[in-house]
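In: I'll drop the sequence and a predicted model, then ask my questions.
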Amino acid sequence: MTVPMAAPRLPEGVPLPTPARVRRGVGRLFSFWRRSIRTRVMVAIVVLGTIIAGSAGLLLMHQISDGLVQSKVSAAVSEATSETATATERLDSAGSGDFNPSTQLSQLVESLVSRGESRGFKVVVLGPVQSSSDPSPATGTRTTPGIAAGSVPVRLRRVVDRSAGIAWTYTRIRTLTEAPGTGTPAVVVGTRVVLPADGGTYTLYYLFDMRQEQGTLNLVRRSLLTSGVLLLLLTAGVVFLVTRQVIRPVRLARRVAERIASGRIEERMHVHGEDDIARLAISFNQMAEALQRQIRQLVELSRVQRQFVSDVSHELRTPLTTVRMAGDVLHDSRASFDPVAGRAAELLQNELDRFEHLLADLLEISRFDAGAAGLELAEVNLADVVHRVVEQAGVVARGRGVALVIEAHGPAVAEVDERRIERVLRNLVVNAIDHANVQGDARVVVTVAADAHAAAVTVRDFGVGLRPGQSAMVFNRFWRGDPARARSTGGTGLGLAISLEDAQLHGGWLQVWGATDEGAQFRLTVPRRAGDPLAHSPLALVPTEQES
């Protein structure tokens, strides 16, 4: 048999490893999340508000960005068209006879650069283009001083060289000292200009920086972010106040309910105002008062009942002793009686035995009810107790045709009250014999085992078993599995109730498993050292053949 081992514990003062601390922290976080309604509500509302505010902010930023960019592009294209038209007029107004392309081009570039400084754009002039198959400029490049010609993207140059209209794209204006990919965001507009007298075709590129639009977008982004954060904080504060007003009375009600459950039945909620929470507190207090009255009535009734049982049990001891003495005399002299009187003497002796056992059980129950039961602890090997109980019950078992089988897995030493443990095991074994299947598997198997922390004994029969729901009633006082069974068999109905009290007095367990027509198994588990808490049992409650 495999014996389950307890999980090892670290000595006191030894820090947990990092993964263990992380798991413990995560476990505490999840526990706090499950228990705190306020946290869940606040987090849900803040997350939902973040999603809504973020979506609205992104949409607004997209619309503002598109508006600013489109406005800048329209202004840049309009400005470039106007400047190109002005440059074309100047070139056309020059006489063809005294036209000097180099001089005129220099004047044109100087004019464009001068106008760009006042209107906020840069100029790059490339040309002339030799052929459509070779779009690279054949002559030098003229630009606004300090501006790199590489600010104009190659893809835009190809588009402008292949078309006669205006084209534009996004780029970055970079100086001669800046590396490619850096610089100021800008819109570049390109167009072509044809010089008179076959002076060639030049391409003009106007670069309009977008620093102002970028600054506006950054300002809007910061404003939206700040507004969103403030809105979320305001929302979280409102939710905190609202949930505090709602949850605080609920928490107070929970605390009062816990105090009432712990026995302080006089606790009540404080009532403030006339709202729904106040009416809830009034209803809660009325319920608590009704429960208090009923509990007091039940306590008083239970006290009277216990006192009655105790008094009657003690009062019956004296007359029972007298009747026992007379019954013993009659029983010893039954051989001289006629057969009817002799049989009556035997029946009287049997009923006196049953009455004496019932009276002893009632006295024991009254001791448990009064809290007067105590333990006489000693180190006892439960395997020896099991052998002794089985030997004592052997006569009854053989009379019923029941075989008693012991399966001991080594010694099972524990600090227990031997008299009480022996009584528990005797009750379990006799109960199993009484319910054994004498028509089939007429066995009662008693198993003993122990580990480092607990010792256990199971008693298994293969009789009628227990119907669904009977496992919860089997330890009730005066409960019998078969009410129609003749009262001449079985016990008083107090044996299992007393056994449960004895097990609990040791800090142990007494549990039962049963199935219809498959028998039942009782399991007694006690700690090996008195006072130690129980976390497991060395033996399974469900028999092995039933686990699958």
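Out: Noted; the coordinates are in hand.
In: which stretches of this structure have low pLDDT?
Out: 1-17, 94-105, 127-140, 196-199, 309-310, 313-314, 369-372, 480-492, 545-548 (pLDDT under 70).
In: Spell out, range by range, the helices that occur in this structure.
Out: Per DSSP state H, the chain carries helices over the ranges 18-35, 37-93, 101-119, 154-162, 211-261, 276-332, 339-370, 382-392, 394-400, 418-434, 495-505, 544-547.
In: Break the chain down into its domains, please.
Out: Here the domain assignment for the chain is 21-59+217-260, 78-212, 276-368, 375-547, based on automatic domain parsing.
In: could you dump those domains to CSV with mean neighbour count and distance to S71?
Out: (Each C-beta comes from the backbone N, C-alpha and C, glycine too.) Output for the domains of the chain, formatted as CSV (neighbours: other CB atoms under 10 Å; distance: least, CB to CB, whole Å):
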stretch, mean neighbour count, distance to S71
domain 21-59+217-260, 13, 12
domain 78-212, 16, 11
domain 276-368, 13, 56
domain 375-547, 18, 75
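In: and those domains as CSV, adding distance to G67?
Out: Formatted as CSV, the domains of the chain follow (distance: least, CB to CB, whole Å):
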stretch, distance to G67
domain 21-59+217-260, 10
domain 78-212, 13
domain 276-368, 50
domain 375-547, 70
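In: Identify whichever of those lies nearest to M269.
Out: domain 276-368 (4.2 Å; CB to CB).
In: Report the distance from that closest one to the chain centre.
Out: Distance, stretch centre to chain centre, for domain 276-368: 49 Å (CA atoms, centre = their mean, to the nearest Å).
In: repeat for stretch 48-66
Out: Stretch 48-66 sits 34 Å away from the centroid of its parent chain (CA atoms, centre = their mean).
In: And stretch 526-543, by the same measure?
Out: Put simply, stretch 526-543 sits 28 Å off its chain's centre (CA atoms, centre = their mean).
In: one step back: format the helices of the chain as CSV; extra columns: distance to A456.
Out: Output for the helices of the chain, formatted as CSV (distance: least, CB to CB, whole Å):
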stretch, distance to A456
helix 18-35, 31
helix 37-93, 42
helix 101-119, 97
helix 154-162, 85
helix 211-261, 32
helix 276-332, 32
helix 339-370, 23
helix 382-392, 8
helix 394-400, 22
helix 418-434, 12
helix 495-505, 11
helix 544-547, 15
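In: Compare those helices and give me the one nearest G200.
Out: helix 101-119 (6.9 Å).
In: which other helices and strands contact the closest one?
Out: The elements that helix 101-119 packs onto, with contact taken as 3 or more CB pairs under 8 Å, 6 or more residues apart in numbering; DSSP states H and E, are helix 37-93, strand 121-126, strand 142-143, strand 184-195, strand 200-209.
In: how about these, which one is nearest V271?
Out: helix 37-93 (22.3 Å).
In: returning to that earlier point: quick one: closest of the helices and strands packed on helix 101-119 to F240.
Out: Using CB to CB, those put helix 37-93 closest to F240, at 6.3 Å.
In: related to what we said a few turns ago, which one of the domains of the chain lies closest to D66?
Out: Across the domains of the chain, closest to D66 is domain 21-59+217-260 (CB to CB), at 10.7 Å.
In: Just the terminal-to-terminal distance for the closest one.
Out: Start-to-end span of domain 21-59+217-260 (CA to CA, to the nearest Å) is 36 Å.
In: swap in stretch 376-389?
Out: Using CA to CA, the end-to-end distance of stretch 376-389 comes to 19 Å.
In: Now do that stretch: everything it contacts.
Out: Here stretch 376-389 makes contact (CB atoms under 8 Å, 6 or more residues apart in numbering) with 406, 408, 410-419, 421-422, 425-426, 429, 446, 448, 450, 455, 457, 530.
In: closest to A442 out of the helices of the chain?
Out: helix 394-400 (7.8 Å).
In: same for the closest one, what does it pack against?
Out: Against helix 394-400 (3+ CB pairs under 8 Å, 6+ apart) you get strand 403-408, helix 418-434.
In: of the ones you listed, which approaches S111 most closely?
Out: strand 403-408 (113.0 Å).
In: What strands flank that closest one, and is each parallel or antiparallel?
Out: strand 443-450 (parallel) (DSSP bridges).
In: Tell me what angle the strand it pairs with forms with helix 418-434.
Out: Relative orientation of strand 443-450 versus helix 418-434 (axes from the mean of the first three to the mean of the last three CA atoms, to 10 degrees): 150 degrees.
In: Quick check: phi and psi at the nearest residue to G150 once chain neighbours are set aside.
Out: Once flanking residues are discounted, G150 sits nearest to P180: 6.4 Å by CB to CB, 6 or more residues apart in numbering. Backbone torsions of P180, given as degrees, to the nearest 10, read phi -60, psi 140.
In: any idea how far P180 is from R172?
Out: Remark: distance between P180 and R172 (CB to CB, to the nearest Å) = 9 Å.
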